[in-house]
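*Asks:* model this:
(2 chains)
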Amino acid sequence: KQEVTQIPAALSVPEGENLVLNCSFTDSAIYNLQWFRQDPGKGLTSLLLIQSSQREQTSGRLNASLDKSSGRSTLYIAASQPGDSATYLCAVPLGGNTGKLIFGQGTTLQVKP
Amino acid sequence: DTAVSQTPKYLVTQMGNDKSIKCEQNLGHDTMYWYKQDSKKFLKIMFSYNNKELIINETVPNRFSPKSPDKAHLNLHINSLELGDSAVYFCASSHTHYEQYFGPGTRLTVT
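*Replies:* Below is the predicted model:
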């Protein structure tokens, strides 16, 4: 059974700091891994999707890595800004042709000015 | 040019009522999903439709029934609402195995 865990559950950093969010999954047979952002009371915004054949993806100040063999992904945020404050969720598809996403519990990030 | 839209955004109703939430996507995706986010913010898949066929039916009560009139729409009907149904319901869409795009959510409150 696939389980996704995110550590830490919450993180508070001063503006400008570089930070890393962690995501681990128990079954390495995944098609891809997706990182999302959720602002309070809002929907999910897709940030990055890494296919199983890739090791990392970059978008602006965000860099996501994937190590399937160890069941881990990290989301690196460079030069954090107060506007980055949100909950970050990682998710992996269960497999087969379902598209079913298994989500972690999320890391709630607060960037202080 | 909203990609995935849901209506209504908020829904307050009494126990025992029947309600529907609508979802539409204009991305040309072949798969649509319904997720439930509980009070602890945990997201869980409920249903998935691929080309108008149900391919996932998680262990949700049969009071919940998804209906897809066409590839761009996936509605969620809920009968005999219970207090425990209060949650935020998210619709999403994707091409199978690719990036999923989520709607803004519908906050359902059952009193």
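
*Asks:* Would you check how far apart the residue nearest the centre of chain B and residue A:71 are?
*Replies:* Centroid check for chain B by CA atoms, centre = their mean gives residue B:34 as the closest residue, at 3.4 Å. According to CB to CB, to the nearest Å, residue B:34 and residue A:71 sit 28 Å apart. Backbone N, C-alpha and C define where each C-beta goes, glycine included.

*Asks:* now do residue B:23
*Replies:* Distance of residue B:23 to residue A:71, given as CB to CB: 32 Å.

*Asks:* Tell me where chain B has strands.
*Replies:* Counting by DSSP state E, chain B has these strands, from start to end: B:4-7, B:10-13, B:19-25, B:31-37, B:43-50, B:53-57, B:64-70, B:73-78, B:87-94, B:101-102, B:106-110.

*Asks:* Taking strand B:87-94 as reference, get the angle to the third one.
*Replies:* Using axes from the mean of the first three to the mean of the last three CA atoms, to 10 degrees, the interaxial angle of strand B:19-25 with respect to strand B:87-94 works out to 30 degrees.

*Asks:* quick one, strand B:19-25 and strand B:64-70 angle?
*Replies:* Using the same axes, to 10 degrees: strand B:19-25 against strand B:64-70 is 40 degrees.

*Asks:* ditto for the last one
*Replies:* Relative orientation of strand B:106-110 with respect to strand B:64-70: 150 degrees, computed using the same axes, to 10 degrees.

*Asks:* interface residues of chain A facing chain B?
*Replies:* A:31-32, A:34, A:36, A:42-46, A:49, A:87, A:89, A:91, A:93, A:97-103, A:105-106 (CB under 8 Å from any CB of the partner chain).

*Asks:* Give me the buried subset of these.
*Replies:* For the residues of chain A next to chain B, a burial check counting by 16 or more other CB atoms under 10 Å in any protein chain shown picks out A:31-32, A:34, A:36, A:43-44, A:46, A:49, A:87, A:89, A:91, A:93, A:98-103, A:105-106.

*Asks:* returning to what we had before: residue contacts, the residue nearest to the centre of chain B?
*Replies:* Contact analysis of residue B:34 by CB atoms under 8 Å, 6 or more residues apart in numbering or on different chains lists B:23, B:45-48, B:66, B:74, B:76, B:89-92.
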